[in-house]
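[1] My questions concern the predicted model and sequence given below.
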Amino acid sequence: MERKSQLTLWYWVALIGLLVGMQYYLIDSHAATIPYSDFKTLLAAGKVREATVGQSTIAAQVDLTGAKDLLPASEYQRLLALPPGTGGAQMRRVVTDRVDDPQLTQQLEAAHVRYSGAAESPWLRMLVGWVVPIGLIALLWVWMMRRGMGAGTGLMTGVGQSRAKLYVESKTAVRFADVAGIDEAKQELEEVVQFLRNPERFRGLGGKIPKGVLIVGAPGTGKTLLAKAVAGEAGVPFLSISGSEFVEMFVGVGAARVRDLFAQAQQRAPCIIFIDELDALGKARGVSGLGGNDEREQTLNQLLVQMDGFDSQSGVIILAATNRPEILDPALLRPGRFDRHVAIDRPDIKGREAILKVHAKNVLLSPEVDLGVVAAKTPGFAGADLANIVNEAALHAARENKKAVEPKDFDEAIDRVIAGLEKRNRVMNPKEKETVAYHEAGHALVAENRAHADRVSKISIIPRGIGALGYTQQLPTEDRYLLKRSELLDRLDVLLGGRVAEELVYGDVSTGAQDDLQRATDMARHMITQYGMSERLGQVTFDTTRPPAFLSVPQAPQPVSYSEETARIIDEEVGRLIKDAHERVAKTLTEQRGTLEALARLLLAQEVVDRTALDGLLSGHQKTDPEHPTAAAQPQREVAAASSLLPRARSAG
Ligand code: ADP
Ligand code: ZN
C-alpha cells in the first residue's frame, strides 16, 4: 500500500507540472506586457517594427535604441532585461492589451510598420488557461472525497489506513485480575467476554449481543484497562484508536479511517474495536456554532453508518470510552449503536485497597505497610492516581536506599500526589508562618470538636504546590454518599475554623482563607438551593443547571426559574447559614483558646503534627468549662469586636 500511494502521488505531481508548463508556454515569456499608452508612445516615436494585431492583444517588435526617455525607467529596465528579439540587439518583443482605437491602423501605416491580423482564438487561451486546470482540480477534489466516503484506492488510502494499523494488539496481556475495585463493571462485561470466546454457541442459542458498549467514567478510572481486559480474557485482537485521532485536518480522512478500522475488524473477527475519547468525535452535531465542523460530522456519520452496516453476530464488538456522556450525539446512543452503558465510579475504600494491592504486587513492601490505611487516606482517588502513588512510594524508598517500601514512603507519595511537591526551601516569613499555624490549628480544633466531622489525621504548615500554604488532612472513617444536614453544618464549621482563628488571635484576617470561604459559600448555597435544607424556603430546589455527570466543564449560566424575591431570600439564607456557623465556631475557639495556642505553637515548632501528637496535646489540655459564658456566646458582631480587643498572640515557638 505504501508504494502504491507514493506512485499515485508522483502521478499527481507530474500532472501539475505539466499544467504549469502549459501555462508557461501560453504566456509568452520572451515578451513583456506594457500599457497601451506606452505602446502608442513607442509607435509615435517610430520604434515599432512589426506588429501582430490580435482580437484582444497586440504583439510587436520594438527597437529600444534611444527609447530610454520615452518610457518610465523601471519599464525600460524590464524590457532591456528581456532576450533580444529578431532584427538586432536592441529589439524586444512586447505585448499590450488592445484598446478600442479606430486610429490604430492609420498610425501603424504612418509609421511604416509591417502589421498583420492574428487568428488567435481567445477560446483556446481560456480553455487551456482556466477551464482545464479548474476541471482537474475539481476532479482531484471529487476523488479525494470519494476516497473518504466510498470504496477505491488512491492517494488517500495510505493516510486513512496507516494509523489504525498501529493500534492493533493481537493479544493483550491484561486480564480481569489486573482490574480491581470495579467489580460491577466487570460483571457487566463478562457477557461480552463469553460471546467473544464462543460466538457460534451464542448464535446457536439466539442470544442477543450488544454491538456497542459505552464505558463511562472519570479520567483514570480504568476504562481503557477494562476494555483491554475484555479482549485479554476473551483472547481476541484489540483494535484501538482515540476519538481525537479521527478528527484530522483533511476532510474525509477521519471517515476513511473509520471505514478502514471496521474493514480490518471484520477481517479479524471475533475482535474488539475500542474507541477512546468518543466525545472528541461524537459531540452532538450542530452545537459547534458558526460553520460547524464538517470533518467531525462526516467522521461521526461514517461511524454511525458502519455501526448500522455490520451484523452484531459477526463477532465484532465496539467498546467506547468517554467521561462526558452528556455531550454525545443522541444518535450514537440509539438502539443498535452504543445502547449499553457501563458506568465506572471512582473506587470506594475497599476498591482502592484492591487497586493498591494490584499495583503493589511487584513492589517489595515492608510488613508495617497496611494498604487499607493508604486506601483510607485517599478518598476520591481514581485507579490511575493510586497506581501513581504506589510508583511514587517505591521511587521514594529507592531514593533513600531502603530495602522495602515503608508507610512513610506512602505518606510522602500521597502528599505529593495530593498537593504537588513539597517546597521545603520556600522561604515564608515568620509572621506569615505563624498566621498559617493559627489558621490550620483553627480548622483542626473545630474538626475535633464536631461530632460529625471527620477526624484530623495530619496538620501541616509546610507550603506545597500553588496556593496552599498549609493544610489540615481529615481522615474519613468511611466513604460517604449521603450527608445529613448536621454533617454538612459541621463541615461548614470546619471550613470557617481557619479564618475565625485568625480573627480571634489577630483581630484581623488574611487572604489565606479565600479558598475556605469560597467552599463554605458554595456548600451553604447548595444546601439551600439543591438539598432543600432551608426552613424558610422549604423542600424546594432552585438550581436548574444539570451538572455534567463526571467532569466539571464550564457551562453557560442558565436562566433562573425563580423570582427576584426568591433570589433575595436565597442570598439571605446563605448569609444566615454562614453567619450562624461563624458564631458557633467563634464560640468553640474562644472556649478552646488555650488549646488553639498550644497547637499553633506545636505546629510552628514541628511544621507537621500527626494524629499521635495531636492526641497527646488534646489530652494535656483540659477543655474550658462550657458553663461559663464567654464573649462567643454573644451575637457575632460583638464577638468580632471583642476578639479584636484580645491581646495579640506572642510569637510562639
Ligand atoms: P481511563 O481510560 O479511564 O482514563 P486507564 O484505563 O487509562 O484510565 O487507567 C490508567 C492506569 O491506571 C491503568 O493503566 C492502570 O495502571 C491504572 N488503573 C486505573 N484503574 C484501575 C483499576 N480499576 N485497577 C487497576 N489499575 C487501574
Ligand atoms: Zn483554610
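    Received, thanks. Ligands and ions are numbered 1, 2, ... in the order given.
[2] so which strand or helix has Leu214?
    strand 212-217 (DSSP states H and E).
[3] show me what contacts whatever residue of the stretch 251-400 of the chain ends up closest to ligand 1?
    Of all residues in the stretch 251-400 of the chain, the one sitting closest to ligand 1 is Gly383 (2.0 Å; C-beta to the nearest ligand atom). Bear in mind the C-beta positions are built from the backbone N, C-alpha and C, glycine included. Contacts for Gly383 were tallied using C-beta atoms under 8 Å, 6 or more residues apart in numbering; they are Ala180, Gly181, Ile182, Gly220, Thr221, Gly222, Leu225, Pro347, Ile355.
[4] is it true that the last one touches Gly181?
    Which is Ile355. Yes - shown here, Ile355 and Gly181 form a contact pair, counting by C-beta atoms under 8 Å, at 4.7 Å.
[5] overlap in contacts of the two?
    With C-beta under 8 Å, 6+ apart as the test, Ile355 and Gly181 both reach Pro347, Gly383.
[6] what two of the contacts of Gly383 are the furthest from one another?
    Taking C-beta to C-beta as the measure, the contacts of Gly383 reach their widest spread between Ala180 and Gly220, a distance of 13.7 Å.
[7] that older thread, quick one: which of the contacts of Gly383 sit in helices?
    Leu225, Ile355 (DSSP state H).
[8] Lowest pLDDT pick from the contacts of Gly383?
    Lowest pLDDT within these is found at Pro347 (78).
[9] Chain neighbours aside, what residue packs nearest to that residue?
    Counting by C-beta to C-beta, 6 or more residues apart in numbering, Pro347 lies nearest to Gly181, which is 3.8 Å off, once chain neighbours are set aside.
[10] how near is the one you found to Thr378?
    12 Å (C-beta to C-beta, to the nearest Å).
[11] do Ala447 as well
    The gap separating Ala447 from Thr378 is 19 Å, by C-beta to C-beta.
[12] before we move on, what about Gly220?
    If you measure Gly220 against Thr378 using C-beta to C-beta, the figure is 13 Å.
[13] again, but for Val53
    91 Å.
[14] if you count what's nearby, which of those two comes out ahead?
    Neighbour comparison, Val53 and Thr378: the larger count goes to Thr378, with 23 against 17 (by other C-beta atoms under 10 Å).
[15] quick one: contacts for that one?
    If you count contacts by C-beta under 8 Å, 6+ apart, then Thr378 has Arg352, Asp385, Leu386, Ile389, Ile414 around it.
[16] Max pairwise distance over the residues you listed: which two?
    Farthest pair in the contacts of Thr378 (C-beta to C-beta) is Arg352 and Ile414. Separation: 11.5 Å.
[17] Find the residues that touch each one of those two.
    Taking C-beta under 8 Å, 6+ apart as the contact rule, the neighbours common to Arg352 and Ile414 are Val374, Thr378.
[18] quick one: Ala320 is in a helix?
    No - counting by DSSP: H, G, I helix; E, B strand; the rest coil, Ala320 is located in no helix; its state is strand.
[19] Which residues of the stretch 501-650 of the chain lie near ligand 2?
    Residues of the stretch 501-650 of the chain lying near ligand 2 by C-beta under 5 Å from the ion: Asp516.
[20] closest point of the stretch 501-650 of the chain to ligand 2, which residue?
    Distance from ligand 2 to each residue of the stretch 501-650 of the chain (C-beta to the ion) is smallest for Asp516, at 4.1 Å.
[21] where exactly do the strands run in the protein?
    Remark: strands assigned in the chain by DSSP state E are 31-33, 48-53, 57-63, 91-97, 114-117, 168-169, 212-217, 238-242, 271-276, 316-322, 340-344, 455-460, 471-475, 608-610.
[22] In TSV: these, plus distance to ligand 1 and mean pLDDT.
    Supplementary listing: the strands of the chain in TSV, determined by distance: least, C-beta to the nearest ligand atom, whole Å; pLDDT from 0 to 100:
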stretch	distance to ligand 1	mean pLDDT
strand 31-33	64	81
strand 48-53	74	84
strand 57-63	68	85
strand 91-97	66	86
strand 114-117	78	80
strand 168-169	14	70
strand 212-217	6	90
strand 238-242	10	87
strand 271-276	7	90
strand 316-322	6	91
strand 340-344	7	86
strand 455-460	25	86
strand 471-475	23	75
strand 608-610	29	85
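[23] dump the residue contacts of the closest residue to ligand 1 within the stretch 151-300 of the chain.
    With C-beta to the nearest ligand atom, the shortest gap between the stretch 151-300 of the chain and ligand 1 falls at Gly222, namely 2.6 Å. By C-beta under 8 Å, 6+ apart, the contact list for Gly222 reads Val179, Ile182, Ile344, Ala382, Gly383, Ala384.
[24] where's the last one relative to Leu482, distance?
    So the one you mean is Ala384. 27 Å.
[25] Contact partners for the residue sitting nearest the centre point of the chain?
    Centroid check for the chain by C-alpha atoms, centre = their mean gives Ala280 as the closest residue, at 9.3 Å. Residues near Ala280 by C-beta under 8 Å, 6+ apart: Ser242, Gly243, Ser244, Phe246, Val247.
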